[in-house]
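Q: Show me the folded form of this:
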Amino acid sequence: MLKSTLPKLKYSYDGLEPVFSAKLLELHHSKHHQAYVNNLNIAMEELEEAISKNNVEKISELSQSIKFNGGGHFNHSFFWDNLAPVNEKGGDCPDSLLVKQMIDR
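A: So this is what the prediction gives:
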């Protein structure tokens with residue numbers, strides 16, 4: 001079975017300041033997102049075993065956990081990939097009103 005892994009970020013934990021603090025980003029990535037990955041891997045191992053035993057009831061029970069943790073893992077991975085560090089010029093989107101407001105604070 002191929003295990004899911006926590007994706008490596010394209011930036012350091014302090015790379016999104018001042019929008020996200022390093023502490024918040026580290027907690028959210030290394031603890032919260034990691035929990036989705038861990039729980040998904042556990043559920044997938046249990047599913048593999050249930051399939052091998054033809055345990056239809058257990059297979060059905062695991063679907064919710066796989067959906068929840070798989071969705072959490074996918075959504076967080078997508079989220080991290082769509083963030084970028086902000087520099088004094090607004091990062092990759094210098095015309096963004098949100099970026100300009102954050103810099104002007």
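Q: Was I right to think residue 83 contacts residue 16?
A: Yes: here residue 83 lies in contact with residue 16, judged by Cβ atoms under 8 Å, at a distance of 6.1 Å. Yep, even glycine has a C-beta here, placed from its N, CA and C like the rest.
Q: so what's the most centrally placed residue in the chain up against?
A: Geometric centre of the chain, nearest residue: residue 76, 2.5 Å, by Cα atoms, centre = their mean. Counting by Cβ atoms under 8 Å, 6 or more residues apart in numbering, residue 76 touches 29, 32, 33, 36.
Q: mind redoing it with 6 Å?
A: Applying Cβ atoms under 6 Å, 6 or more residues apart in numbering, we find residue 76 in contact with residue 33.
Q: if I look at it, how far off is residue 44?
A: According to Cβ to Cβ, to the nearest Å, residue 76 stands 17 Å off from residue 44.
Q: what are the ranges of the helices in this structure?
A: Applying DSSP state H to the chain gives helices spanning 22-27, 34-52, 56-81, 97-103.
Q: Export those to CSV and append columns for mean pLDDT and distance to residue 5.
A: Putting these into CSV (pLDDT from 0 to 100; distance: least, Cβ to Cβ, whole Å) gives the following:
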stretch, mean pLDDT, distance to residue 5
helix 22-27, 96, 17
helix 34-52, 98, 7
helix 56-81, 96, 9
helix 97-103, 63, 31
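Q: out of these, which comes closest to residue 1?
A: Across those, the minimum distance to residue 1, taken as Cβ to Cβ, is reached by helix 34-52, at 5.5 Å.
Q: what packs against that closest one?
A: helix 56-81 (3 or more Cβ pairs under 6 Å, 6 or more residues apart in numbering; DSSP states H and E).
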